[in-house]
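Sequence first, then the predicted structure:
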Amino acid sequence: MELMRYLAAMRRIVGNMKEHETINKDTAEKMTKAIAVVQSSLDAHGLLVSKKAIDRIGGIFVEGNKLEKSLESTIESFENTLCDELSIKVIYMVSPESAYLLESEKPLFGESANTAFPSSSYDITEAGRCLALSRSTASVMHLMRALEIPLHAMARELGVTLKQDNWGEAINLIEQAIAKISADPDSKSFFSEAATHFRLLKDAWRNHVMHARSKYTEEEADIIFRSVKAFMGQLAKRVRE
């Protein structure tokens with residue numbers, strides 16, 4: 001952890017100093033840098049008591065100041081405060097392989113799907129977070145919600161107005177519109193495959209998760225996540241919300 005690395009750096013700096021020694025510019029700059037990183041990390045994690053303690057240490061390390069007492073004991077006191085504060089926090093550990101689902105700065109389903117279906121971004125992001133935190137069924141629920149946007153977008157593309165969110169009725173209307181396409185075989189093939197995929201998603205996953213009929217394991221949710229990602233990426237080639 002970055003926090004622990006910089007705490008170790010602070011200890012090394014202090015270990016090379018003597019009581020009553022005057023703090024020079026180089027030492028002040030190194031300590032200020034380390035403290036700033038620790039402060040930022042504490043602030044980001046809501047460790048406010050520990051942040052006040054490190055703020056006090058920061059006030060000591062000013063060029064020209066003299067260390068009037070052992071700073072090692074001051075840092076040790078800070079570390080004890082940090083341990084006490086962490087002991088009353090609930091901390092979730094996420095595997096390195098899943099960390100990107102929480103921290104990715106890029107759209108989880110790629111730029112093309114994000115551009116085509118921006119209204120799905122919230123549920124896609126939440127699906128990723130739930131998957132990372134082992135909330136598998138919740139992840140699948142968000143994925144099915146995310147698919148509502150491209151379903152309605154495809155209907156509009158075909159001149160179909162959907163008056164309700166019943167997927168069965170919506171897909172029936174979409175398939176009726178597709179059947180009328182005659183001048184563009186490529187479009188007919190594309191939309192036919194998409195409609196079939198929507199029906200498969202409805203029967204395999206949506207009906208079950210949205211009506212509390214099934215629970216999903218992490219492995220199942222991961223498969224569904226990847227499947228929906230690939231499908232929305234394919235839809236984005238021709239459909240926009």
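Received, thanks.

where does this structure dip in pLDDT?
1, 68-71, 211-213 (pLDDT under 70).

Quick check: the residue lying farthest from the centre of it vs G58, distance?
Distance to the chain centre peaks in the chain at H20, reaching 47.6 Å (criterion: Cα atoms, centre = their mean). Counting by Cβ to Cβ, to the nearest Å, the gap from H20 to G58 is 20 Å. Placement of C-beta: from N, CA and C, glycine included.

top helix in the chain by residue count?
helix 25-44 (DSSP state H).

Contacts for it next, please.
The contact list for helix 25-44 (Cβ atoms under 8 Å, 6 or more residues apart in numbering) reads 2-3, 6-7, 9-10, 13, 17, 23, 48, 50-51, 54-55, 57-58, 61-63, 82.

among the residues you listed, which are in helices?
Going by DSSP H, the helices hold 2-3, 6-7, 9-10, 13, 48, 50-51, 54-55, 57-58, 82 from the contacts of helix 25-44.

Nearest the middle, which residue of this protein would you pick?
The centre of the chain sits closest to L102, judged by Cα atoms, centre = their mean, with a distance of 2.4 Å.

Pull out the buried members of the ones in helices among the contacts of helix 25-44.
L3, Y6, L7, A9, M10, I13, S50, K51, I54, I57, L82 (16 or more other Cβ atoms under 10 Å).

nearest to R135, of these?
L3 (26.5 Å; Cβ to Cβ).

Contacts only, for that closest one.
V37, V38, S41, L42.

neighbour-wise, which of the residues you listed leads?
V38 (26 neighbours; other Cβ atoms under 10 Å).

Make a markdown table out of the buried ones among the ones in helices among the contacts of helix 25-44 and add distance to F117.
Compiled in a markdown table, those are given as follows (distance: Cβ to Cβ, whole Å):
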| residue | distance to F117 |
| --- | --- |
| L3 | 38 |
| Y6 | 41 |
| L7 | 44 |
| A9 | 45 |
| M10 | 47 |
| I13 | 51 |
| S50 | 42 |
| K51 | 40 |
| I54 | 44 |
| I57 | 49 |
| L82 | 43 |
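
that older thread, greatest separation within the ones in helices among the contacts of helix 25-44: which pair is it?
I13 and L48 (24.6 Å).

Setting the sequence-adjacent residues aside, check what's closest to E218.
The shortest distance from E218 to any non-neighbouring residue, by Cβ to Cβ, 6 or more residues apart in numbering, is to S136 (5.1 Å).

In contact with the one you found, which residues?
S136 neighbours (Cβ under 8 Å, 6+ apart): C130, K215, Y216, T217, E218, E220, A221.

ok, the third one to I224 distance?
In this structure, Y216 and I224 are separated by 7 Å, where distance is defined by Cβ to Cβ.

Now do the shared contacts for the two.
Common contacts of Y216 and I224 (Cβ under 8 Å, 6+ apart): S139, V140.

Can you list the residue ranges for helices in the protein?
Counting by DSSP H, the segments of the chain that form helices are 2-15, 25-44, 48-60, 71-87, 100-103, 111-116, 121-132, 136-146, 148-157, 167-179, 185-201, 207-210, 218-235.

Report the angle between the second one and helix 71-87.
What that stands for is helix 25-44. Following axes from the mean of the first three to the mean of the last three Cα atoms, to 10 degrees, one obtains 10 degrees for the angle between helix 25-44 and helix 71-87.

Look up how far V160 lies from L147.
16 Å.

So between these two, which is more surrounded?
Each of L147 and V160 has its neighbours counted (other Cβ under 10 Å); L147 has more, 25 against 16.

Show the contacting residues for D55.
D55 touches Q39, counting by Cβ under 8 Å, 6+ apart.

From M232, how far off is it?
Counting by Cβ to Cβ, the gap from D55 to M232 is 47 Å.
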